[in-house]
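1. Everything below, folded, please.
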Amino acid sequence: KIGLVTTYKSLIITSIMSFQGNPHDSKTIEPLLDQMKSNIDFTPNEVVYDRGGKGQQQIGSTKISTPDYKPLKRVTEYQKRSKRKKFRRRAAIEPVIGHLKTDFRKAQNYLSGATSPQINAFLAATGWNLKKMMKQLKNEVELLLFYIFNPVLTRLFLKKKLSL
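-> Numbers count the residues shown, from 1 in each chain. Have a look, this model is predicted:
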């Protein structure tokens, strides 16, 4: 079983870990948060998790949010919408898992040894993150070249920036 943590907007994998056997989802959150703390020295204020993570409301200073089956009657429409939006965004992790399996060879482990699932998970996550970073770099270089070879647009852009 593999657990992973991604950033909210850009879906960069910040923590990935393999687990022996089939532990309950609520037992996989804390090791992932510990790994995230050691990797990037950051602990999120809130983790949005699926219904499988029920059981723990908070780990350290991190709040664990899981969707409720029925909202309370005192909850306003705005609160309902914002919660729905938050948990829909959580569903974006499913395609990440699918891409790791198909595009980054996570579906089958060709390595041998006790630590091979962890190594395979790290390699797949590294490939995913590198692909996202290369795409971002490509977009920035294209934008730079566009402004270099279009001096009129560059002057308009700089005038607008300087007037702000």
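2. now the helices for the chain?
-> 29-40, 77-90, 93-102, 116-149, 151-163 (DSSP state H).
3. Throw these into TSV and include mean neighbour count, distance to residue 22 and mean pLDDT, thanks.
-> In this view, the C-beta of every residue, glycine as well, is placed from N, C-alpha and C. Below are these laid out as TSV (neighbours: other CB atoms under 10 Å; distance: least, CB to CB, whole Å; pLDDT from 0 to 100):
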stretch	mean neighbour count	distance to residue 22	mean pLDDT
helix 29-40	15	15	89
helix 77-90	12	21	84
helix 93-102	14	16	85
helix 116-149	14	13	89
helix 151-163	10	55	70
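4. Out of those helices, which gets nearest to residue 60?
-> Closest of the helices of the chain to residue 60 is helix 29-40, at 7.4 Å (criterion: CB to CB).
5. before we move on, the earlier item: let me know which of the helices of the chain is the nearest to residue 58.
-> Nearest to residue 58, of these and by CB to CB, is helix 29-40 at 10.4 Å.
6. Show me the beta-bridge partners of the residue nearest the centre of the chain.
-> Nearest to the mean C-alpha position of the chain, by CA atoms, centre = their mean, lies residue 6 at 1.6 Å. Judged by DSSP bridges, the bridge partners of residue 6 are residue 13.
7. That one and residue 32 touch, don't they?
-> No: contact criterion CB atoms under 8 Å: residue 6 and residue 32 do not qualify, at 10.6 Å.
8. Identify the residues contacting residue 42.
-> Residue 42 is in contact with 14, 36, counting by CB atoms under 8 Å, 6 or more residues apart in numbering.
9. pLDDT at it, what is it?
-> pLDDT for residue 42: 88.
10. same question, residue 7
-> The model's pLDDT for residue 7 equals 86.
11. for it, phi and psi?
-> phi -70, psi 160 (degrees, to the nearest 10).
12. and the gap between it and residue 67?
-> Distance, residue 7 to residue 67, using CB to CB, to the nearest Å: 20 Å.
13. Give me the more crowded residue out of those two.
-> When residue 7 and residue 67 are compared for neighbours, residue 67 comes out ahead with 17 against 10, by other CB atoms under 10 Å.
14. What sits closest to the more buried one if chain neighbours are left out?
-> Distances taken as CB to CB, 6 or more residues apart in numbering put residue 87 closest to residue 67, at 4.7 Å, once the chain neighbours are dropped.
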